[in-house]
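Chemist: sequence and computational prediction follow.
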Amino acid sequence: MKNNTQFHVNGIVIKEQSHGEQGKLLTVITEYNGVITVNAKNARKISAGYLKSTQVFAYSNMLLYNKNGFYTLLEAELNNDFYSLREDIETFAFATYACETVAAVTTEGEDGKTLLSFLLNTLFICGKNVLPVSQQKAIFEFRLAVLCGFLPELEYCQFCGEPLDSIKNKSFDLSEGAICCTACTAEEGENPLSWKPISDGCYKALRHIAFAQGAKLYAFRTDENTLRELGEITEKYLLPRLEKKIKSLEFFHSLEGKV
């Protein structure tokens, strides 16, 4: 992006903070510029024309001015404010976690179209409240890992080569990203602490999340025990690969059993 230019970009506000007497500094995930910081002057004035576009979760088409790598908001056309995400504390906590996590795997200047689209779909489904939040979180975590290039081996045991569909007892190597026969794991696994037994239901859910396209990604149901197992595995698989601490996850977990 050239300096001292104006340009339009679609983006989601994932963080806002006060700046000066009436302004805000926005952290925005954009389609072509990755994560950027935007100065929104007078954004805290009720009369501000882009008031709603400068709130967390707002998805807008923004007209920005870039001067030496510093971005200033000139205009914004709101596409979706995702207001319903604020109406339930658990939903809000998950949406915040999703935004912070996507930001953690995005850098300024890179093409962020795929991740922006994925985050938009995540927030849309979250706002519809059609799935348990725990299931949305598991889907988000594993699919994000796949989008970031961390697709584990889901077809064959890495040791004996047998199709995993035909194997009853399986284990997931959370460190290396492979699902294998439990028998092979016992004989050849180098780090037994990284191996976790995985049920057939959880394995099928992971395959679905990895490969389903479009709306089908969210079109599966599972029992409570499998969902609990799935959520534990997806979080433990994704977080070490981020190499960053996600502060909002602690808040999300603090709500478990309370809502």
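Modeler: Right, received. Where do you want to start? Because the structure is predicted, anything quoted here is derived from the model rather than measured.
Chemist: how about the helices in the stretch 1-150 of the chain?
Modeler: Remark: helices assigned in the stretch 1-150 of the chain by DSSP state H, counting those that start in this stretch are 89-104, 113-128, 133-147.
Chemist: turn these into JSON lines, including distance to residue 173, mean pLDDT and mean neighbour count.
Modeler: Heads up, the C-betas are built off the backbone N, CA and C, glycines and all. Shown next, in JSON lines, are those (distance: least, Cβ to Cβ, whole Å; pLDDT from 0 to 100; neighbours: other Cβ atoms under 10 Å):
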{"stretch": "helix 89-104", "distance to residue 173": "22", "mean pLDDT": "96", "mean neighbour count": "21"}
{"stretch": "helix 113-128", "distance to residue 173": "25", "mean pLDDT": "95", "mean neighbour count": "18"}
{"stretch": "helix 133-147", "distance to residue 173": "14", "mean pLDDT": "97", "mean neighbour count": "21"}
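Chemist: what domains does the record give for the protein?
Modeler: The chain breaks down by automatic domain parsing into domains covering 5-81, 91-254.
Chemist: circling back: closest one to residue 248 among the helices of the stretch 1-150 of the chain?
Modeler: Smallest distance to residue 248 across the helices of the stretch 1-150 of the chain (Cβ to Cβ): 4.5 Å, for helix 89-104.
Chemist: quick one, that closest one and helix 113-128 angle?
Modeler: Helix 89-104 and helix 113-128 meet at an angle of 180 degrees, taking axes from the mean of the first three to the mean of the last three Cα atoms, to 10 degrees as the criterion.
Chemist: what packs against helix 89-104?
Modeler: strand 5-19, strand 23-30, helix 113-128, helix 133-147, helix 224-242, helix 247-254 (3 or more Cβ pairs under 8 Å, 6 or more residues apart in numbering; DSSP states H and E).
Chemist: distance of the residue lying closest to residue 135 once chain neighbours are set aside from residue 199?
Modeler: Of all residues not flanking residue 135 in the chain, residue 227 sits nearest, at 5.8 Å (Cβ to Cβ, 6 or more residues apart in numbering). Applying Cβ to Cβ, to the nearest Å, the value for residue 227 to residue 199 is 11 Å.
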